[in-house]
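Novice: Only the shape, not the letters, is given here:
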């Protein structure tokens, strides 16, 4: 997919009454009383985003916040992954809003939850689809 392509769903196009402009490769619509025009990136910005990727020998790049900020200022598109340790310890009591919900729906919250998924069950009903058949009751 090239940078100038944009994928928009039909509901989005319909809801905002989007006008597509083929020659300028843009689309325009009115959102919250303001006219918005979406245009593709300029060729210079596209070339900057296609720079050669440099990968570390071990496949892991860790940079400081200052280095990330300087890279983000130079590049048009930046992806970052922030990882942190997940602890399974529960810190204190749940908030009182959650406690009141637990009390209100006590019959559906079990005391002990299993730490694994339930075993697979047989399918008790099935709908056989016919290839090429039309779907009834569609809102047209």
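Specialist: Yep, that arrived. Just so it is clear, the model here is predicted, and its values are computed rather than measured. Numbers count the residues shown, from 1 in each chain.
Novice: Could you count how many residues lie near the nearest residue to residue 93 once chain neighbours are set aside?
Specialist: In space, and not counting its chain neighbours, residue 93 is closest to residue 99: 7.4 Å by CB to CB, 6 or more residues apart in numbering. C-beta here means a position set from N, CA and C on the backbone, and glycine is covered the same way. Residues lying near residue 99 (other CB atoms under 10 Å) number 11.
Novice: what's the answer for the one 3 residues further on, then?
Specialist: A count of neighbours around residue 102, defined by other CB under 10 Å, yields 12.
Novice: sorry, back to before: so the residue nearest to residue 93 sits against residue 106, correct?
Specialist: No - between residue 99 and residue 106 no contact is recorded; they are 10.8 Å apart, counting by CB atoms under 8 Å.
Novice: Distance check, residue 63 against residue 82.
Specialist: The gap separating residue 63 from residue 82 is 12 Å, by CB to CB, to the nearest Å.
Novice: These two: who's more crowded?
Specialist: More crowded of residue 63 and residue 82, by other CB under 10 Å: residue 63, with 11 against 4.
Novice: quick one: low-confidence ranges for this protein?
Specialist: Residues of the chain that meet the criterion pLDDT under 70 lie in 1-10, 43-61, 89-90, 138, 140.
Novice: which residues in the protein form helices?
Specialist: Applying DSSP state H to the chain gives helices spanning 10-15, 43-49, 65-74, 96-104.
Novice: Point out the one among these that comes closest to residue 33.
Specialist: Smallest distance to residue 33 across the helices of the chain (CB to CB): 15.5 Å, for helix 10-15.
Novice: Measure how far the closest one is from the centre of its chain, please.
Specialist: 19 Å (CA atoms, centre = their mean, to the nearest Å).
Novice: outside of it, which residues touch it?
Specialist: residue 18 (CB atoms under 8 Å, 6 or more residues apart in numbering).
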